[in-house]
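>>> give me a 3D structure for the following:
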Amino acid sequence: MTSVAAAHPDIAHPVFSAGRLSIGLTLPLLRSGHVVADFNEQLELAARADSLGFRALWIRDVPLNSADYPDPVGHLDPWVLLGALAARTRRIALASGAIVLPLRHPLHIAKGALSVATLSGGRFILGLGSGDRPPEYAAFGVDAETRRDRYRAHWDVVAAALGVPSRVRPDETPPDAPEFTLLPRGGDAVPMLAVGSGGQSVDWIARHSIGWMTYHRDPDTQRARYSMWRAAVDRLASPAFRAFGVAMRLDLAARPDTPATALPLGYATGRRALVDILRDMRAEGTHHVTLNLGSDRPVRDVIEEIAEHVLPVFHDERA
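Numbering: from 1, shown residues only. Model (predicted):
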């Protein structure tokens with residue numbers, strides 16, 4: 001098996017670095033109560049986030065919607081949106097959070113990842129998950145009970161195709177089958193990141209992924225999860241850096257001194273308490289936080305306030 005965990009191309013370093021914390025944003029960026037995204041506006045906001053110094057833009061893979069789902073937002077196909085973002089941004093990392101690995105053919109995923117990496121100049125991080133909606137598996141004719149095994153098998157095929165050297169592993173190889181290649185090729189492997197557990201152990205994730213991205217939990221639960229992750233990383237045969245990232249909901253108050261109040265998967269808070277929260281997360285081992293914004297304020301105002309008052313605390317090399 002070819003693994004990309006050790007390749008760690010340059011784009012991963014501004015997002016995931018030992019002892020530091022970086023900040024990204026999850027698209028679409030919407031005000032509270034808004035469920036219809038103007039994606040031309042989203043591209044403008046993404047370009048603004050790029051110019052302001054956010055480190056990553058995260059894109060979800062939501063193939064279908066249902067009245068039973070808690071998220072009513074109509075998400076674009078992730079590869080289409082990532083291609084548009086590659087053309088509209090210059091420095092910021094683009095990350096999938098996450099492509100539903102068991103529901104897509106791994107060679108299609110590898111081709112999409114290589115395409116985004118090429119268009120963006122190597123700014124793509126391939127986040128992979130197993131999804132959390134069993135009815136979608138049935139819609140695609142896949143048994144949800146097989147998702148753990150499919151996750152591992154598909155990961156291996158994607159890793160082989162995106163690694164250096166690249167190896168295409170066909171599903172079937174009849175006697176007259178040609179040898180396939182995946183083009184165009186760049187100089188580096190595309191970094192692969194586990195988003196959620198995908199039904200795998202933390203030891204498996206530490207061996208195969210550049211890191212582990214999870215949802216925000218309360219501080220005690222988060223500390224326990226990081227300790228579990230740190231122990232898995234320490235058990236690796238060779239010492240290596242493995243990142244730990246968190247997706248966190250944020251309702252940023254207009255008053256800077258508003259104290260923090262816990263919300264499901266995040267906080268409602270003013271910017272000063274937000275800095276304290278992020279400092280604590282950095283001290284406890286978190287390397288990246290992507291913010292899922294939701295407040296009554298205009299989104300542009302929120303990201304500009306974070307850029308002016310929060311990003312310098314964590315992205316300044318002296319911080």
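>>> so Ile125 lies in a helix, does it not?
No: the secondary structure assignment for Ile125 gives strand rather than a helix, going by DSSP: H, G, I helix; E, B strand; the rest coil.
>>> for the closest residue to it other than its chain neighbours, list each beta-bridge partner.
Distances taken as C-beta to C-beta, 6 or more residues apart in numbering place Ala95 nearest to Ile125, at 4.2 Å, with adjacent residues excluded. Quick note: C-beta positions are derived from backbone N, CA and C, even for glycine. Beta-bridge partners for Ala95, by DSSP bridges, are Trp58, Ile125.
>>> show me what contacts Ala95?
With contact taken as C-beta atoms under 8 Å, 6 or more residues apart in numbering, Ala95 is in contact with 15, 24, 56-59, 124-127, 193, 290.
>>> now swap in Tyr267 and tell me
Tyr267 is in contact with 248-251, 260-261, 273-274, 277, counting by C-beta under 8 Å, 6+ apart.
>>> so what's it bridging to?
In this structure, Tyr267 has the following beta-bridge partners (DSSP bridges): Leu250, Ala262.
>>> which residue ranges of this structure form helices?
All helices of the chain, identified by DSSP state H, fall at 12-15, 39-52, 78-88, 106-119, 134-139, 147-162, 202-208, 219-234, 271-283, 299-309, 311-315.
>>> just checking, what packs against the third one?
Under the contact criterion of 3 or more C-beta pairs under 8 Å, 6 or more residues apart in numbering; DSSP states H and E, the helices and strands touching helix 78-88 comprise helix 39-52, strand 56-59, strand 93-96, helix 106-119.
>>> what about 10 Å?
For helix 78-88, the contact count by 3 or more C-beta pairs under 10 Å, 6 or more residues apart in numbering; DSSP states H and E identifies helix 39-52, strand 56-59, strand 93-96, strand 99-100, helix 106-119, strand 124-129 as packing neighbours.
>>> and the contacts of the first one?
If I follow you right, that is helix 39-52. Taking contacts as C-beta atoms under 10 Å, 6 or more residues apart in numbering, the residues outside helix 39-52 that touch it are 24-25, 27-30, 38, 54-57, 59, 74-76, 80-81, 84-85, 87-94, 123, 293, 299-300, 303-304, 306-308, 311.
>>> mean confidence score for it?
Looking at helix 39-52 alone, the average pLDDT works out to 98.
>>> could you do the third one as well?
Here strand 93-96 scores 98 as its mean pLDDT.
>>> now that strand: buried residues?
Counting neighbours by 16 or more other C-beta atoms under 10 Å, one finds that the buried residues in strand 93-96 are 93-96.
>>> stretch 189-203: end-to-end distance?
As for stretch 189-203, its first-to-last residue distance stands at 22 Å under the measure C-alpha to C-alpha, to the nearest Å.
>>> Asn292 and Trp58 touch, don't they?
Yes: using C-beta atoms under 10 Å, Asn292 is in contact with Trp58, at 8.6 Å.
>>> what touches both of those two?
Common neighbours of Asn292 and Trp58 (C-beta under 10 Å, 6+ apart) are 25-27, 97, 247.
>>> in strands, which of these fall?
For the shared contacts of Asn292 and Trp58, membership in strands holds for 25-26, 247, with DSSP state E as the criterion.
>>> ok, and the most crowded of those?
Of all these, Leu25 has the most neighbours under the rule other C-beta atoms under 10 Å, reaching 25 neighbours.
>>> for it, give the beta-bridge partners.
Leu57, Leu291.
>>> coming back round to it: list just the nearest of the contacts of Tyr267 to Asp149.
Nearest to Asp149, judged by C-beta to C-beta, of the contacts of Tyr267 is Met248 at 30.9 Å.
>>> lovely, talk soon.
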